[in-house]
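A.B. asks: Sequence first, then the predicted structure, then my questions.
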Amino acid sequence: MSRDLSRAERVHAVARGLRADLRSTDEPFRIEVVELGDLRSHFDIQRAAAAAAGYSVPEPLSTAISVRHGCSGLTLVFLTEGEFATQLVDNLEQLQDMVAEITTDQWPPCPRHNHPLEPVPHGMLVSWVCPCTPEIFTELGGLAELDAQ
Ligand SMILES: [Zn+2]
């Protein structure tokens, strides 16, 4: 991954990474790259609310990631401007909450302590990092290799 990837390409890379990483939960998560489509109007409402609170939120990227598990679902939306890795961290924090609700476990578990790893911007995507040491364990998509160690 030496050349710069476009935002849309990075969304696909994130989806691949999530498919690999969510396997460690042994739960049937379904991860798909989707067009924002009908969700755009929902997002426009959020943007209007942010604008009313004095924040300016850029347009969403038309490519999003749908994460589904049974009747639970989450759409990870990225923006056309701003730090992609920071947006990815926000999205992954929401996903971590969803996984914790479904599995009642913290995900992904820190190999050293009783807390979850944190997503931290690293290169164009993120790495999973212990929040207290802060040891970098693996990049997004690498949790399976971590389990095998
Ligand atoms: Zn730790």
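C.D. replies: Great, that's in hand.
A.B. asks: What is the burial count for Ile65?
C.D. replies: Using other C-beta atoms under 10 Å, Ile65 has 21 other residues around it. For every residue, glycine as well, the C-beta is placed using N, CA and C.
A.B. asks: in the sheet, who's paired with it?
C.D. replies: Val33, Leu76 (DSSP bridges).
A.B. asks: Now do it against Pro131, distance only.
C.D. replies: 24 Å (C-beta to C-beta, to the nearest Å).
A.B. asks: Next one, pLDDT for Gln94 please.
C.D. replies: Note on Gln94: pLDDT of 96.
A.B. asks: now do Glu32
C.D. replies: Glu32 is assigned a predicted lDDT (pLDDT) of 97.
A.B. asks: Just say helix, strand or coil for Glu101.
C.D. replies: State at Glu101, reduced to three classes by DSSP: H, G, I helix; E, B strand; the rest coil: helix.
A.B. asks: Show the contacting residues for the nearest residue to it once chain neighbours are set aside.
C.D. replies: If the residues on either side of it in the chain are set aside, Glu101 comes closest to Ser72, at 7.2 Å by C-beta to C-beta, 6 or more residues apart in numbering. Going by C-beta atoms under 8 Å, 6 or more residues apart in numbering, Ser72 touches Met98, Glu101, Ile102.
A.B. asks: I'd like the residues you listed written out as CSV, with pLDDT and distance to the ion added.
C.D. replies: Output for those, formatted as CSV (pLDDT from 0 to 100; distance: C-beta to the ion, whole Å):
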residue, pLDDT, distance to the ion
Met98, 96, 21
Glu101, 93, 22
Ile102, 94, 22
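A.B. asks: mind checking how far the residue nearest to Glu83 when sequence neighbours are not counted is from the ion?
C.D. replies: Distances taken as C-beta to C-beta, 6+ apart place Pro121 nearest to Glu83, at 7.1 Å, with adjacent residues excluded. Look at Pro121 and the ion: by C-beta to the ion, to the nearest Å, they are 18 Å apart.
A.B. asks: how much space between Leu146 and Phe137?
C.D. replies: To Phe137, Leu146 is 6 Å away according to C-beta to C-beta.
A.B. asks: hey, what's in contact with both of these two?
C.D. replies: Here Leu146 and Phe137 share the contacting residues Pro111, Trp128, scored by C-beta under 8 Å, 6+ apart.
A.B. asks: Thanks a lot, see you next time.
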